[in-house]
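Enquirer: Build the 3D model from these lines:
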Amino acid sequence: MEMTTQELQQTIIVGRHTESSIANDQTRALFQSFMPNRNKIAHRLNDKVLDIQLYPDGYFDSFQPAVAFTKWAAVAVSSVDELPDGMESMLIEAGLYAQFLHQGPMTDSAPFEYIYREWLPTAPYLLDRRPHFDVMSVDPDHSGQEIWIPIRHK
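Expert: Predicted structure coming up:
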């Protein structure tokens, strides 16, 4: 899997969020409530959709499928003048990310197993305490996703 490092600029997102876990995955329900309303969001930067995860402290120390995290379905915006009903905004702080390109089903867990079990333990980086996210195109001719993992130098 191809990896590059990217310096993400501070990013404003608008969307919906919920509590989820691997054992009680709420991704489908979250995106079903978000996608029909995403076009109501003003000042979108592009047509890409973000699947964002905010993990609690210690989440990766001892993996337990029932441990909850916050999951967002969102888009990047240039400003937040008004929010559509049921939408909220969040600021993603600037920082270094490892970006992996994945072609294939978004339900495939193999890329994440590779990133966390093989790549990260041998990389000159540690996980940073910022949102993890996937960038997905809604254009059917551009399948696949970008996986963004927050990192910092060891």
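Enquirer: same for the top helix by length along the chain, what does it pack against?
Expert: In the chain, assigned by DSSP state H, the helix with the most residues is helix 27-34. The contact analysis (3 or more CB pairs under 8 Å, 6 or more residues apart in numbering; DSSP states H and E) places helix 27-34 against strand 11-20, strand 49-54, strand 69-77. In short, each C-beta sits where N, CA and C put it, glycine included.
Enquirer: in that helix, what's buried?
Expert: The neighbour-count check on helix 27-34 (16 or more other CB atoms under 10 Å) flags 30, 31, 34 as buried.
Enquirer: The lowest-mean-pLDDT helix or strand in the chain: how far from the chain's middle?
Expert: Across the helices and strands of the chain, mean pLDDT, DSSP states H and E gives its lowest value to helix 110-113, namely a mean of 87. Computed by CA atoms, centre = their mean, to the nearest Å, the separation of helix 110-113 from the middle of its chain amounts to 14 Å.
Enquirer: Which element, helix or strand, includes residue 121?
Expert: Using DSSP states H and E, residue 121 sits in helix 120-122.
Enquirer: Tell me the strands beside the next helix or strand after that helix, with direction?
Expert: Per DSSP H and E, helix 120-122 leads on to strand 125-127 as the next helix or strand towards the C-terminus. Partners of strand 125-127 in the sheet, by DSSP bridges, are strand 145-153 (antiparallel).
Enquirer: in the partner strand, what's buried?
Expert: By neighbour count on 16+ other CB under 10 Å, the buried set for strand 145-153 is 145, 146, 147, 148, 149, 150, 151.
Enquirer: as a whole number, average confidence for stretch 51-71?
Expert: Here stretch 51-71 scores 94 as its mean pLDDT.
Enquirer: could you turn that stretch into PDB, dropping everything but the C-alphas?
Expert: This file holds the C-alpha atoms of stretch 51-71, laid out as PDB (Å, rounded to 0.1, in the frame of the first residue of the first chain):
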ATOM      1  CA  ASP A  51     -15.400   9.600   7.700                       C
ATOM      2  CA  ILE A  52     -13.700  10.800  10.900                       C
ATOM      3  CA  GLN A  53     -12.900   8.900  14.100                       C
ATOM      4  CA  LEU A  54     -12.000  10.600  17.400                       C
ATOM      5  CA  TYR A  55     -10.500   7.800  19.600                       C
ATOM      6  CA  PRO A  56     -10.300   8.100  23.400                       C
ATOM      7  CA  ASP A  57      -6.900   8.100  25.200                       C
ATOM      8  CA  GLY A  58      -5.500   4.600  25.400                       C
ATOM      9  CA  TYR A  59      -7.700   3.200  22.600                       C
ATOM     10  CA  PHE A  60      -4.800   1.700  20.700                       C
ATOM     11  CA  ASP A  61      -2.900   0.400  23.800                       C
ATOM     12  CA  SER A  62      -5.300  -2.500  24.300                       C
ATOM     13  CA  PHE A  63      -7.700  -3.100  21.500                       C
ATOM     14  CA  GLN A  64     -11.200  -4.000  22.600                       C
ATOM     15  CA  PRO A  65     -14.000  -4.000  20.000                       C
ATOM     16  CA  ALA A  66     -16.600  -2.700  22.500                       C
ATOM     17  CA  VAL A  67     -14.700   0.500  23.400                       C
ATOM     18  CA  ALA A  68     -16.600   3.500  22.000                       C
ATOM     19  CA  PHE A  69     -15.300   6.400  20.000                       C
ATOM     20  CA  THR A  70     -16.800   9.400  18.300                       C
ATOM     21  CA  LYS A  71     -17.500   9.000  14.500                       C
END
